[in-house]
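**Student:** One predicted model, sequence on top.
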Amino acid sequence: MDGVDGTDRQEGKQDGPTPSLLFIILDTNPHAWALLQNTLPFSKAIANILVFINAHLAVNNANQVAVIASHSQRSVWLYPRPPSDPQHGDDSDTGMDDENKTDTSNLSDASKYRPFALIENSLLHSLRKLIKTTTEADIKATTSTQMAGALTMALSYINKATIAFLDTGAAAKPTPTALDSSDKAVGLQSRILVVSVSGDLAYQYIPIMNSTFAAQRLRVPMDILKLAGDTVFLQQAAFTTRAVYLQLKNLQGVLQYLMMAFLPDQLARKHLVVPTQEVVDFRAACFCHRSVVDVGFVCSICLSIFCTPPEGAICLTCETQLALGDYGNKPAVIPKKKKKKKRALDGGSSRATPAPEAA
Amino acid sequence: MPRAIRGVLVKVDPSIKAIIVNIDAENHAFIIEDLDEDHLVIKENMVSVLKGRIDEILAAVLTVSNPNGAESDSDY
Amino acid sequence: MSDPSLASFEYLEKLPGTTFNKLYEQPSTALAIFRRMLPHLAKTFVMTLLYMSKPLPLADLDEWVEPNSQRERGDALSTLSRLHIVAITAPSRDNPQHVSLLPNFRKSLRYALTGGGNHHSFGVPSQDSDPDVTIEALDEYATSQWEGILHYLVHSVGGGRASGKLSESVTTLLTSGDLVRRPGSGPGAHGITKSGFSFLLQEVNAQVWTLLLLFIENSELLGMNSVEVLSFLFMLGSLELGQAYTTTTLTESQLHTLNQLVDFGLVYIPESTPTLFFPTRLSTTLTSDATALRSVGAGFDAAIASRGGESQGFIIIETNYRMYAYTSSPLQIAVLALFTKLYIRYPNLVAGKITQKSIGEAIRHGITADQVIAYLNTHAHPQLHKTPAALAGGPVLPPTVVDQIKLWQLETERMETIPGFLFKDFQDFKEYNDCSKYADEIGVLQWKSDGKRTFFVTRHEQLRDFIKSRKAREAAK
């Protein structure tokens, strides 16, 4: 109010934190959950995750959430439901089946914040349908989960949401000027949380690693919450995207872990010491048999990895004719003379160069 | 035991501070503590009076020399 | 005060702890305060503590926070304890400090997240509905009510010509809040006041909060229970647009509040069914934040467009500071006149110039450069959006003008005043050092001088406790 006093104008300059999108990939592998039946039943895990989702939405009004199930045969959207979901249409046609009845009664409960209730209903509804439509044959067919597909869908959804957010926000985009020197993070802050129960996913090595690198480029952290099993590539994914990796030992406290380690978004994590893994398993899977290898063969042209030299020394990916050099020979003993050390080393490497071969 | 004194911290550039010190020199009614070259603590009830005085002095000292403003009046 | 939450925050802070305890009995209030009032890190702390079975040792919390972020940590903790959300045990030698959520808040926030309990604090929806009440109709109603208030303010610029539409209670409120002065209430004192000017340029949400706070203060004078009114407002913020709610479960004060809010355009009560009320966009976004408000703006623009008014931008700014505004709305012209020097007025166009004097005038009225720029930005003519720079994703307004407006503001920012307390006369350097460090951690330190062993803080309560407990520890040794 006063001509000389700038105090009032100094305040209120800080904007609210930017909204964040939480993308949860829920591993619904029936085999793995069956093993957890005694320690953490599926229903209890879902209840905990719902509280966690509500907590995320409570933090900021504009926060968004999306949930996808990585099932044994396919990845299925749980929330938001795809608009073109034909089964959804069927459902409303058949009218008031049990679920729809509970839906309405639940929504008019005045003790529940309506957005929370809406998500809960939608999520549980989709989950029930997913479980209903899973046949025994599906379960028998595989014991794994479609993690790679789910990750790809997550990334495309995040990309779409980011663009949509920038579009709506463009109108209010302030004019950048020379006087503004703040380089604040703008736009939607997205992150992925994978709740994983399945074991090794070696046969999906390539698509998982591709999505990991895509996430790294998009600066989307891929948080991993491991309830059971151990997956090399998810460890690497969390490490590459600088995200949280937790392998739970005590499954009873899963909600506390969710609240403490996974709820803080990128903004809050700047101020916190984030739990990360001490040791990362950096092993890769070979392209030929999808098995995790310690030492393998790398194609010098396309960098494909093989556990044994491919047949006829032709790379399976790029079909280059490779030479194996004198692989398998015992290393030649080069007499060591301190003065001539350098030359000896030179000789060694020049011999190895033309032959694409082992690491 | 440390002492706590209620007051208003004023952050200014040295030129304005010089003006404030000048005003205070008349009857020492404003400044509680002179902290450093751009910080002062003044009495809480005197803030608005002080601001008024500074406004007056600045208005007298600074003659508006803005080609924009001068030109604008003439070109309509 | 461009941030509405700041204003409400300051009001809340003055309330005694018992009031907070009562407020937190409602999960909707706990949720709204959590969402709206807390710094980001504080939210993280609350969520971490929410499901912890025992109090968390403060030392553990410190280890969790990055060493570089101690200031944020202190800021978060002091806000939390000022809002009576956490309790920190006093330090003693045998028992290290612990943090925990206060039971009322913990219980309510848990209920809010899990949807348990039987508190009905998120509004009782009615099964009946009125087919005439659409979201568009609600938007239109809210816009016309709110514009009515703004028009009243603007017309008072020209000498207090009150439009008869406003109810007596609203005008009383505006007067008591010193936004306008009634003609005849003093010599030469009629028309809009300085705070009225800055009110006009605020965001809608900020304006709503300003009026509501005035209302709460007034309601106390009328003998109403401010806790009930506040929790009712927080409940409104959690309702859903377009849904009918029943009034039968409300208390006496809440019903009175409701009637007042009808005048503001925050709720709509159909004449045919007086037991139902519909929240409008103004109220459902009460506890939202800026990003959500953009959609409010969009909603209002749509509402105005449907009435055939100017929803498009209408202002053209040239690099030579000339401004042309294609508008005939007295409200828009009055707002423009706050910070431009207007020369020409045609039936559908006003022309003027932004000058150092006009901006200086605006700043003296409490309008900030950012507000001016934001206003120009949101109302920029489509033609400005077509400039090569704007098409390439650059600024819409000419950068020279934007920079100059900011520079003109800087010219007026010659001093900054911060009320608080000066601490001096410490016994030794160690005492000074401990205290100033602590003050910095809790985020109240403004200035310090190691040489003079003196420092300045904005509040002293926590620091006083710290000095006392430090004394006690020294004595014990």
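**Tutor:** Nice, thanks for sending it over. Numbering: from 1, shown residues only, chains lettered A, B, ... in the order given.
**Student:** Which residue would you name as the spatial centre of chain B?
**Tutor:** The residue lying closest to the centre of chain B (C-alpha atoms, centre = their mean) is B:Ile54, at 4.6 Å.
**Student:** Name the residues of whichever strand in chain B runs longest that are buried.
**Tutor:** Identified as the longest strand of chain B according to DSSP state E is strand B:3-12. Residues of strand B:3-12 classed as buried by neighbour count (16 or more other C-beta atoms under 10 Å in any protein chain shown): B:Ala4, B:Ile5, B:Gly7, B:Val8, B:Leu9, B:Val10, B:Lys11, B:Val12. C-beta here means a position set from N, CA and C on the backbone, and glycine is covered the same way.
**Student:** pretty sure C:Cys435 contacts C:Phe421?
**Tutor:** No: applying C-beta atoms under 8 Å as the test, C:Cys435 and C:Phe421 come out as separate, 11.8 Å apart.
**Student:** Run through the stretch 1-150 of chain A and note the low-pLDDT ranges.
**Tutor:** A:1-17, A:83-111 (pLDDT under 70).
**Student:** That one: helices as residue ranges?
**Tutor:** A:7-10, A:30-35, A:42-59, A:86-94, A:98-107, A:114-133, A:136-141, A:147-169 (DSSP state H, counting those that start in this stretch).
**Student:** Would you quantify the distance from the nearest residue to A:Pro221 once chain neighbours are set aside to chain C?
**Tutor:** In space, and not counting its chain neighbours, A:Pro221 is closest to A:Ala243: 3.5 Å by C-beta to C-beta, 6 or more residues apart in numbering or on different chains. From A:Ala243 across to chain C, the span is 16 Å (C-beta to the nearest C-beta, to the nearest Å).
**Student:** Okay, now the unreliable bits of chain B?
**Tutor:** Along chain B, the model assigns pLDDT under 70 to residues B:1, B:62-76.
**Student:** what about 50?
**Tutor:** Applying pLDDT under 50 to chain B flags the ranges B:66-76.
**Student:** So C:Leu150 versus chain A, what's the distance?
**Tutor:** Counting by C-beta to the nearest C-beta, the gap from C:Leu150 to chain A is 20 Å.
**Student:** What is the distance between the helix or strand in which that residue is found and the centre of its chain?
**Tutor:** For C:Leu150, the host element (DSSP states H and E) is helix C:135-155. On the basis of C-alpha atoms, centre = their mean, to the nearest Å, helix C:135-155 sits 20 Å off its chain's mean C-alpha point.
**Student:** What separation do you get for the closest residue in space to C:Thr454 that isn't next to it in sequence and C:Tyr324?
**Tutor:** Excluding the flanking residues, the one nearest C:Thr454 by C-beta to C-beta, 6+ apart is C:Lys424, at 4.4 Å. Separation of C:Lys424 from C:Tyr324 (C-beta to C-beta, to the nearest Å): 58 Å.
**Student:** Could you count how many residues lie near the residue lying closest to B:Arg3 once chain neighbours are set aside?
**Tutor:** Among residues not flanking B:Arg3 along the chain, C:Asp425 sits closest, at 4.7 Å (C-beta to C-beta, 6+ apart). Neighbours of C:Asp425 under the rule other C-beta atoms under 10 Å in any protein chain shown: 12.
**Student:** Let's verify the nearest residue to C:Pro398 once chain neighbours are set aside: helix, strand, or coil?
**Tutor:** In this structure, C:Pro398 finds its nearest non-sequential neighbour in C:Thr319, 4.4 Å apart by C-beta to C-beta, 6+ apart. Using DSSP: H, G, I helix; E, B strand; the rest coil, the structure places C:Thr319 in coil.
**Student:** still on that earlier bit, contacts for the longest strand of chain B, please.
**Tutor:** Strand B:3-12 has contacts (C-beta atoms under 8 Å, 6 or more residues apart in numbering or on different chains) with B:20, B:32-33, B:38-44, B:47, C:414-425, C:446-447, C:456, C:460, C:464.
**Student:** And stretch A:284-302, by the same measure?
**Tutor:** Counting by C-beta under 8 Å, 6+ apart, A:200, A:202-203, A:205-206, A:232-233, A:283, A:304-310, A:315-318, A:320, A:322, A:356-359 sit against stretch A:284-302.
**Student:** Just the buried residues from those, in PyMOL please.
**Tutor:** Filtering the contacts of stretch A:284-302 down to the buried ones (16+ other C-beta under 10 Å) takes a single PyMOL command:
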select buried, chain A and resi 200+202+205+206+232+233+304+305+306+307+309+310+315+317+322+356+357
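**Student:** Inside strands: which ones of the contacts of stretch A:284-302?
**Tutor:** A:Ile305, A:Phe306.
**Student:** Just the ones of the contacts of stretch A:284-302 in helices?
**Tutor:** Among the contacts of stretch A:284-302, the ones falling in helices (DSSP state H) are A:Tyr205, A:Ile206, A:Val232, A:Phe233.
**Student:** which pair in these spans the largest distance?
**Tutor:** A:Ile206 and A:Val232 (13.6 Å; C-beta to C-beta).
**Student:** before we move on, back to that, so the residue nearest to the centre of chain B makes contact with B:Ile19?
**Tutor:** Yes: using C-beta under 8 Å, B:Ile54 is in contact with B:Ile19, at 6.0 Å.
**Student:** Using the three-state scheme, assign B:Leu35.
**Tutor:** Classified using three-state DSSP, B:Leu35 is strand.
**Student:** quick revisit: give the bridge partners for the residue nearest to C:Thr454, please.
**Tutor:** With DSSP bridges as the criterion, C:Lys424 is bridged to B:Arg3.
**Student:** Mind pulling up the pLDDT for it?
**Tutor:** Listed pLDDT for C:Lys424 reads 84.
**Student:** Contacts only, for the closest residue to A:Leu127 other than its chain neighbours.
**Tutor:** Computed as C-beta to C-beta, 6+ apart, the closest residue to A:Leu127 that is not its neighbour in sequence is A:Leu78, at 6.1 Å. Neighbouring residues of A:Leu78 by C-beta under 8 Å, 6+ apart: A:Leu26, A:Val67, A:Ile68, A:Ala69, A:Ser122, A:Leu123, A:Ser126, A:Leu127, A:Leu130.
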